[in-house]
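[1] whatever this is, show me its structure:
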Amino acid sequence: MITLQTSIEEIKGIKGIGQRFLPKLKKLGIHTVRDLLWHFPFRYDDFSKISKIADIKINEPVVIQAEVKEIKMLRTWKRRMIIVDALIGDNTGNIGAVWFNQPFILRGLRKGVWANFAGKVVVSKNKIYISSPSYEIISNLQENNNASDWRHTGRLVPIYPETRGITSKAIRFLIKPVLDNLEKLSEILPKEILEENKFLEINQAIKCVHFPEDLNQVINAKKRFAFEDLFLLQLNNLRQRLKLSKEKSFFFEVDLDYLKKLISHLPFELTQSQKKSLWEILQDFQKPHPMNRLLQGDVGSGKTIVAGLAALIVATHGKQSVFMAPTEVLARQHYKTFLKFFPDFNEGIGLITAGESRIFYGDGLENKIEKNDLIKKIAKGELRIIIGTHALIQKNIKFDNLAFTVVDEQHRFGINQRAMLVKKSNAGVLIPHFLSMSATPIPRTLNLTIFGDLDLSIIDELPKGRKEIITKIVSPLNRDKAYQFIRDQIKKGRQAFVICPRIDPAEINGNFFVLDVKAVKEEYGKLSKKVFPELKVAMLHGKIKSKEKIETMKQFNNGIIDILVSTSVVEVGVDVPNASIMLIEGSERFGLSQLYQFRGRVGRGTHQSFCFLFTESSSKTTHQRLRSLIEAKNGFELAEKDLAIRGPGQILGAEQTGLPDLAMKAIQNPELIKSARQAAEKIIKEDSELENYPLLKERLEIFQKEVHLE
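    Residues are numbered from 1 along each chain as shown. Predicted coordinates:
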């Protein structure tokens, strides 16, 4: 008997699972029977109606039940192609069937064999035929055939995500006998949830999702599985909240006079949403359990200042705060922000990345320091604020009394990395407060679902005095005009970014070729030598060494470089107030949220700024999508548009979360989310440890390992 835990290698006696298929299945993430059965179809071809040859229509999919009258193999030497050509017929007439480069067809189909043939009817050179039809051999006594045994024809046929060398037909070949020999599955959803929502029971649902009799069965089965994932996600979020509420953390009373003094020394006025977010963080400091909060805000909305003020409050109590950023550029930017806006802070600020280590003690006392010496100062508690990259989670780094942890762009860090940072504190039983910051606007629906274990603070307004960035879609015909505009702006003293989707041109078999995708190295050469030979042009990308990146950004910051050609490495953490132009090549290849991030790199100074979206595409859909960047009032409105256009999988990254496609799509269904949340709350309220639901508890533990919400 086959179980869900049975590995693919262990399945015996099922025709089709040979050694050559195993690596291909694993490429699809299929290692066990559970992986195979939860590899759901993404669509279904309706081949349920069997037609007579006399009734078929050209350019329409069809299923016919026919006898092979003739079959032969031909070779076309000119195109180096093998063609299997057959004549098939029923009692109403004959039609051709053609397969290309599939010589193995002759092993299954021979003259006199009856089969179901499913495919599209086409016309070529005055000949009508079915092109590359799927087929399923049957008895010539049609009345003895059982339609429920068919996998590829005569039914709703499931189409699966495929990979090179393994088709949907092969996957169906595997799944049908596995289902037939599978032990009865245990139901993890409580009976009352099944009854209340009228969901299919697990054994029925898994059969309906793979071999449904009609589309209603598909809808009901997929709804059940989508609910199950959302339910587990909500259970996980609620249990995390409950667990955290029982933990102990640092208690900080807030000296309001000191806070007002700090704020009064800032060269700008905090916005209302900045003040609100700061107050929410400070209130968390006055609770006995650890803060677990997500601070979201548009690019340039002032999240770092809010987190910085909170860190200074922590410092007044003699405790440490740490800021971890995903890139050296962003870490350095945070460090500069502290030096710029809190120049009188004299209790020690440290910067540690793979490329440099620095220390600041107020009154302009800032200098380089050996990394080992900086690490010793961190361990002794001589530095109150430490800023860095992944370098902060090296084994040799320990904190003396870490009380406040800030992680920027949290989706770029793994949960294990964040946990390692928390564990490095020598604070004993007390857990540091945790603040996650994100400049990637995420729709509220996703926030409540994916990050439901986090409290949410939102900065939804830009600092006063910021000018709106003028954004234009630029067609190839207007490229030269845009270049001239950039030249004129640079003559006025401004600077420009040029963003490209790739570092190098695409390459196949060692030969470079153009796929209408701009590459940094290529574009840098063109702009520096042909378009702007009189200007200083530089390039930046992920393969450049750290020291070279630092020097390039330093020159750009100081106005030595006029135009910086870069990949998405400048998406976050670059602050050059004099840069007023953002030119994005191949803008259709980026998501709306990413384009929004790029645009946010300009408009940070007093000058009017511009964003040019270059596109070679003439697609109406592309232009509508790009127009939404122009029309959206803020990042959150844009994120909602992005959610509607691309779905949550593209925004969050399906692979980054580990959530199945079905659950990703279900996130766009607010009613399903609501019912999953309510069901989870009811279960947790009655039985927080799930003692009465052992199967559900076991599945939740597995789910927590599968899903890694970054």
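[2] every contact and neighbour count from this point should use C-alpha atoms.
    Fine.
[3] which strand runs longest in the protein?
    strand 61-76 (DSSP state E).
[4] which of the residues in it are buried?
    61-69, 71, 73 (16 or more other Cα atoms under 10 Å).
[5] mind putting those residues in JSON lines, pLDDT included?
    Output for the buried residues of strand 61-76, formatted as JSON lines (pLDDT from 0 to 100):
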{"residue": "61", "pLDDT": "85"}
{"residue": "62", "pLDDT": "90"}
{"residue": "63", "pLDDT": "90"}
{"residue": "64", "pLDDT": "92"}
{"residue": "65", "pLDDT": "90"}
{"residue": "66", "pLDDT": "91"}
{"residue": "67", "pLDDT": "92"}
{"residue": "68", "pLDDT": "94"}
{"residue": "69", "pLDDT": "94"}
{"residue": "71", "pLDDT": "94"}
{"residue": "73", "pLDDT": "91"}
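[6] now render those as CSV, adding distance to residue 436.
    Shown next, in CSV, are the buried residues of strand 61-76 (distance: Cα to Cα, whole Å):
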residue, distance to residue 436
61, 52
62, 54
63, 55
64, 59
65, 61
66, 63
67, 66
68, 66
69, 69
71, 66
73, 64
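[7] if you average the pLDDT over stretch 522-539, what comes out?
    Stretch 522-539 shows a mean pLDDT of 93.
[8] got the end-to-end distance for that stretch?
    With Cα to Cα, to the nearest Å as the measure, stretch 522-539 spans 10 Å from end to end.
[9] list the contacts of it.
    The set of residues external to stretch 522-539 that reach it, using Cα atoms under 8 Å, 6 or more residues apart in numbering, is 483, 487, 500, 504-505, 520-521, 552, 560-566.
[10] residue ranges of the helices in the stretch 101-250 of the chain, please?
    For the stretch 101-250 of the chain, the helices defined by DSSP state H, counting those that start in this stretch occupy 105-108, 168-180, 191-197, 202-210, 215-245.
[11] name the helices or strands packed onto the longest strand of the chain?
    strand 50-51, strand 81-90, helix 105-108, strand 114-124 (3 or more Cα pairs under 8 Å, 6 or more residues apart in numbering; DSSP states H and E).
[12] out of those, which is closest to residue 440?
    strand 114-124 (44.6 Å; Cα to Cα).
[13] neighbouring strands of that closest one in the sheet, and parallel or not?
    Sheet pairing of strand 114-124 (DSSP bridges) gives strand 61-76 (antiparallel), strand 127-138 (antiparallel).
[14] now do the shortest one: everything it contacts.
    Think strand 127-138. 58, 95-100, 109, 113-123, 145, 150-153.
[15] where does the stretch 451-600 of the chain have low pLDDT?
    For the stretch 451-600 of the chain, the stretches with pLDDT under 70 are 504-517, 570-574.
[16] so what are the domain limits for this structure?
    The chain breaks down into these domains under automatic domain parsing: 49-154, 256-286+302-438, 470-633.
[17] of these, which approaches residue 171 most closely?
    That would be, of the domains of the chain and by Cα to Cα, domain 49-154, which comes in at 10.3 Å.
[18] for the closest one, what is the distance to the chain centroid?
    Here domain 49-154 is found 42 Å from its chain centre; the criterion is Cα atoms, centre = their mean, to the nearest Å.
[19] I'd like the domains of the chain as JSON lines, with distance to residue 700 appended.
    Converted to JSON lines, the domains of the chain look like this (distance: least, Cα to Cα, whole Å):
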{"stretch": "domain 49-154", "distance to residue 700": "33"}
{"stretch": "domain 256-286+302-438", "distance to residue 700": "17"}
{"stretch": "domain 470-633", "distance to residue 700": "32"}
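[20] looking at the ones you listed, which is closest to residue 168?
    Per Cα to Cα, nearest to residue 168 of the domains of the chain: domain 49-154, 9.2 Å.
[21] the residue sitting furthest away from the middle of the chain and residue 66, how far apart?
    Largest separation from the mean C-alpha position in the chain: residue 91, at 53.8 Å (Cα atoms, centre = their mean). For residue 91, the distance to residue 66 equals 9 Å [Cα to Cα].
[22] mind listing the helices for the stretch 451-600 of the chain?
    Counting by DSSP H, counting those that start in this stretch, the stretch 451-600 of the chain has these helices, from start to end: 479-491, 520-526, 546-557, 592-599.
[23] in the shortest one, what's buried?
    Put plainly, it is helix 520-526. Buried residues in helix 520-526, defined by neighbour count with 16+ other Cα under 10 Å: 520-521, 523-525.
[24] greatest separation within those: which pair is it?
    The widest separation within these (Cα to Cα) is 8.5 Å, between 520 and 525.
[25] for stretch 267-282, C-alpha coordinates in CSV please.
    Extracted as CSV, the C-alpha positions of stretch 267-282 are listed here (Å, rounded to 0.1, in the frame of the first residue of the first chain):
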residue,chain,number,x,y,z
PRO,A,267,16.0,69.7,10.4
PHE,A,268,12.5,68.9,9.4
GLU,A,269,9.1,68.3,10.9
LEU,A,270,7.9,64.7,11.4
THR,A,271,4.8,63.8,9.5
GLN,A,272,1.7,62.7,11.3
SER,A,273,2.1,59.1,10.3
GLN,A,274,5.8,59.1,11.4
LYS,A,275,4.7,60.4,14.8
LYS,A,276,1.9,57.8,15.0
SER,A,277,4.3,54.9,14.0
LEU,A,278,6.9,56.1,16.5
TRP,A,279,4.4,56.3,19.3
GLU,A,280,3.1,52.7,18.5
ILE,A,281,6.7,51.5,18.8
LEU,A,282,7.4,53.3,22.0
